[in-house]
Every structure is written in C-alpha cells, then in structure tokens.
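> Here's a sequence, model it:
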Amino acid sequence: MVSRDDFERVIDSFLLDLRGVCAGKSLRELQAIPDFYKEYQESVALLKHEHTSGSDYLPLAFGMIDEFVRASWQEVVEGGYRHYRAVAGSRQTPP
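Okay, here's the model as predicted:
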C-alpha cells in the first residue's frame, strides 16, 4: 500500500502528464479517436441546448477526458510514471 502523500503525487503526475498529452494532440489526431470525437460531438450539442445547466458541464468534460484517457492509456501511464519517479526521487531525503 502506498502512503497518502505518494498517492497524491501519483494523481498529480497523472493529471500533469494528461494535460501534456492532450496539448500535444492535433485536431486530426483527436478526431481519429472514434469514441472521443463522438463524446465531443454529444457534449457540444448538449452545451448548445438551452436546458443544459452549469452543473452539467463538468460531467460532460469528464466524459471527453475518459474517452481520451482510454484511447491514450499507455502514453499517459508511461509519461505519468516517469514524472512521478522524478518527483518522488527529488523529495526523498538522503540517508
């Protein structure tokens, strides 16, 4: 079992790397992810609908993120793990 601090660093690493992976994708690459683009299109339609409330926005965003992460899983995990090891290693005190 990992400590809470390590768990927090893992989540932070994952989110940081996820942002980097997302930012590095072109529109063409994003459109090539079938479930991501489908989720995106559904989200845009809901966002344009007059009855969509502010509380609906976050679940819509997470739907797109979920599809992106599933399609980019290895890339996100590998980058996140490298980042976590770098951060965790820099925070350890020498013996």
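
> Contacts only, for the nearest residue to residue 33 once chain neighbours are set aside.
Excluding the flanking residues, the one nearest residue 33 by C-beta to C-beta, 6 or more residues apart in numbering is residue 71, at 4.4 Å. For glycine as for every other residue, the C-beta is placed from the backbone atoms N, C-alpha and C. Counting by C-beta atoms under 8 Å, 6 or more residues apart in numbering, residue 71 makes contact with 33, 35-36.

> which other residues reach the helix or strand hosting residue 45?
Element membership for residue 45, per DSSP states H and E: helix 34-48. Residues outside helix 34-48 that contact it (C-beta under 8 Å, 6+ apart): 30-31, 52, 56-57, 60-61, 63-64, 66-68, 70-71.

> can you check stretch 80-87 too?
Applying C-beta under 8 Å, 6+ apart, the external contacts of stretch 80-87 come out as 9-10, 12-14, 16-18.

> what's the neighbour count on residue 80?
Under the neighbour criterion other C-beta atoms under 10 Å, residue 80 is assigned a count of 21.

> circling back to that earlier point, which among the contacts of stretch 80-87 gets closest to residue 89?
Closest approach to residue 89 among the contacts of stretch 80-87 (C-beta to C-beta): residue 9, at 10.7 Å.

> wait, the closest one sits on residue 90?
No. Between residue 9 and residue 90 there is no contact under C-beta atoms under 8 Å: 10.5 Å.

> So these two - more neighbours on which side?
Under the neighbour definition other C-beta under 10 Å, residue 9 and residue 90 were set side by side, and residue 9 has more, 18 against 7.

> What helices and strands are in contact with whichever strand or helix holds that one?
Using DSSP H and E, residue 9 falls within helix 4-23. Judged by 3 or more C-beta pairs under 8 Å, 6 or more residues apart in numbering; DSSP states H and E, the packing partners of helix 4-23 are helix 57-71, helix 73-91.

> got the angle for it vs helix 73-91?
Compare the direction of helix 4-23 with that of helix 73-91 by axes from the mean of the first three to the mean of the last three C-alpha atoms, to 10 degrees and you get 130 degrees.
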